[in-house]
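Asker: Sharing a model that was predicted from the sequence below.
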Amino acid sequence: MLIRRSMLSGNLLMACLVAFWTPTLLAQRSIPRTSWDRQSALDPGPELPGKSLAEPTPTSSQRPSELSKPNPSDQDSKEQVPADLQTLFDGAQQARSVLEYNSIIQRCKNIAGDSTRLVSERAYAKKLISWAANRRGELRSDMAGEMVAARQLAEAENLDRAAVDDFRLSIQNDPLRWRAHHNLGVILAIAGDFENAIGSFSKTIELNPKFVEAFHNRGEIYFRQGSYQAAIEDFDKAIALDKKIADLFSGRGNARFALGQTEAALADYQSAMSLAPDSAKVATEFADTCQSLGRWKEAAEAYQKAIKSDPNYVRALQNAAWMMATCPEDFYRDPQAAGKTALKAIDASQGNLNPHLLHVLAMSQAAQGDFTNAINTINQAIQLTDEGALRNELSDHRAMFQKKKMYRQPSLAN
């Protein structure tokens, strides 16, 4: 699935009650990277089938990554497993580094290209290349995620490009390896190549129609593209496969809300919260939606829950500050707490200052009557964005501050 990265003093309740919901923020849900280490238990590699290397004949119920039992009619099925393949298989089970996977892949390439080897041996070597390349790509993608977190973006980009090459090498050697198709889709989506990512996720679903994450990720992309009904259909299918994943319900809730299906969206968010009661992200999504509808009390309670779950969750803090600064109802408006919460959000962002955070801080300053600093802060926000719609909104609010006027959200409560 959001913004990837925030004591409260004054009125604690008010400091926990707020939201700044916009379609832009909602669209910042992130496609999850694959975790190479977690996948190791789920995809142990193409096992040596007993003491033979018969060419597999996958059935619809088989995992494409596995070799089938030997076909007695195959003339190669009686051949004993060569020592070098056994060694490669054993090494593959223990590999945990790029260098180890490099060695396995190169040695398998030598076998696969050796015309003196049995057909079954060469076929198995290709499958092991596919498996090892996919695992190496997962590892590189995981490393890229760490580089992003450390703001080493150039290194992350290089690792992601290498991971793409790995997943394509995997698919080249075994077109049925659905994990590689899915992982390729993840990297393409992270790079913003949504059309090709959809193609990869669709191929994954074709090969493994019970893989929940493929429906989940394709649904997220459809949502980003504005294909809300297609997103809902994918989330429906994912939920039918697994009704215990909170992000599926919150994802469907986002798409339903975008189509104006308000009550259905809120029901989905509530389902998500019941499945993940300690998730700040899920509670914040519910709160954001409630605030956008002017349902201040429900938004307040959900933000309180979100910040209690994670006192440093930037999105909850940011949106809380926005509501406290701009809410049309006096009970939920607290400019002093808004300012402190906005600063807490900026601090929790760990240097990832963006125009949205500065916008919220400017609103809190204006709400306190400090229009001079509000104008200076919003000028900084304008300098940080190239987004036309956001620049226009910031400029409009600056004009209000210059007239010593404060912004209030419209009162939309039932």
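Answerer: That came through, no problem.

Asker: quick one: low-confidence ranges for the stretch 1-150 of the chain?
Answerer: 1-42, 48-79 (pLDDT under 70).

Asker: What is the neighbour count of Leu241?
Answerer: 14 (other C-beta atoms under 10 Å). Quick note: C-beta positions are derived from backbone N, CA and C, even for glycine.

Asker: Quick check on Tyr313: phi, psi?
Answerer: Here is the backbone geometry of Tyr313 (degrees, to the nearest 10): phi -80, psi 110.

Asker: what's near enough to touch it?
Answerer: Ser6, Ala280, Lys281, Thr284, Ala306, Ile307, Ala348 (C-beta atoms under 8 Å, 6 or more residues apart in numbering).

Asker: What is the most widely separated pair among those residues?
Answerer: Lys281 and Ala348 (14.2 Å; C-beta to C-beta).

Asker: Among the contacts of Tyr313, which one sits closest to Pro44?
Answerer: Lys281 (31.6 Å).

Asker: Now do that closest one against Asp84, distance only.
Answerer: Lys281 sits at a distance of 48 Å from Asp84 (criterion: C-beta to C-beta, to the nearest Å).

Asker: neighbour count winner among those two?
Answerer: A count of neighbours by other C-beta under 10 Å puts Lys281 above the other of Lys281 and Asp84, at 21 against 15.

Asker: In which helix or strand does Lys404 reside?
Answerer: For Lys404, there is no enclosing helix or strand under DSSP states H and E.

Asker: Tell me how far it lies from Glu206.
Answerer: Applying C-beta to C-beta, the value for Lys404 to Glu206 is 61 Å.

Asker: Tell me how many other residues crowd Gly91.
Answerer: Neighbours around Gly91, by other C-beta under 10 Å: 16.

Asker: Give the closest residue to it in space, chain neighbours not counted.
Answerer: Ile104 (5.8 Å; C-beta to C-beta, 6 or more residues apart in numbering).

Asker: residues of whichever strand or helix holds the one you found that come out buried?
Answerer: Here Ile104 sits within helix 98-112, counting by DSSP H and E. With burial defined by 16 or more other C-beta atoms under 10 Å, the residues of helix 98-112 counted as buried are Val98, Glu100, Tyr101, Ile104, Ile105, Arg107, Cys108, Ile111, Ala112.

Asker: between the following helix or strand past it and helix 98-112, what angle do the directions make?
Answerer: Later in the chain than helix 98-112, the nearest helix or strand by DSSP H and E is helix 119-149. Going by axes from the mean of the first three to the mean of the last three C-alpha atoms, to 10 degrees, helix 119-149 is angled at 160 degrees with respect to helix 98-112.

Asker: Please compute how far helix 119-149 lies from its chain's middle.
Answerer: Distance, stretch centre to chain centre, for helix 119-149: 21 Å (C-alpha atoms, centre = their mean, to the nearest Å).

Asker: for it, packing partners?
Answerer: Contacts defined by 3 or more C-beta pairs under 8 Å, 6 or more residues apart in numbering; DSSP states H and E place helix 119-149 against helix 36-42, helix 83-94, helix 98-112, helix 153-173, helix 178-190.

Asker: which residues touch the third one?
Answerer: When contacts are defined by C-beta under 8 Å, 6+ apart, helix 98-112 is touched by residues 84-85, 88, 91-92, 94-95, 117, 121-122, 125-126, 128-129, 132-133, 135-136, 139-140, 169, 173.

Asker: Now restrict those to buried residues only.
Answerer: By 16+ other C-beta under 10 Å, those give 85, 88, 91-92, 95, 117, 121-122, 125-126, 128-129, 132-133, 135-136, 139-140, 169, 173 as buried.

Asker: Check which element follows the helix or strand containing Ala255 along the chain.
Answerer: Assigned by DSSP H and E, Ala255 falls within helix 246-258. Heading C-terminal from helix 246-258, the first helix or strand you meet, by DSSP H and E, is helix 262-275.

Asker: and that following helix, average pLDDT?
Answerer: Helix 262-275 shows a mean pLDDT of 96 in the predicted model.

Asker: One more: stretch 192-212?
Answerer: 97.

Asker: Out of the helices and strands packed on helix 119-149, which gets nearest to Asp334?
Answerer: helix 153-173 (37.3 Å).

Asker: got the angle for the closest one vs helix 98-112?
Answerer: 30 degrees.

Asker: what's helix 153-173 packed up against?
Answerer: helix 119-149, helix 178-190.

Asker: Of all these, which one is nearest Arg252?
Answerer: That would be helix 178-190 among the helices and strands packed on helix 153-173, by C-beta to C-beta, at 18.4 Å.

Asker: That closest one: how far from the chain's middle?
Answerer: 12 Å.

Asker: Also stretch 235-245?
Answerer: Distance, centroid of stretch 235-245 to centroid of chain: 17 Å (C-alpha atoms, centre = their mean).

Asker: Touching it from outside, list them.
Answerer: For stretch 235-245, the external contacting residues (C-beta under 8 Å, 6+ apart) are Lys210, Val212, Phe215, His216, Gly219, Leu248, Phe249, Gly251, Arg252, Ala255, Leu275.

Asker: mind checking how far Phe223 is from Leu184?
Answerer: Counting by C-beta to C-beta, the gap from Phe223 to Leu184 is 20 Å.

Asker: Mind checking which of these two has more residues around it?
Answerer: Neighbours per residue (other C-beta under 10 Å) separate Phe223 from Leu184, with Leu184 holding more: 26 against 23.

Asker: per-residue pLDDT, that one?
Answerer: pLDDT at Leu184 comes out at 97.

Asker: cool, Ala162 as well?
Answerer: Ala162 is given a pLDDT of 97.
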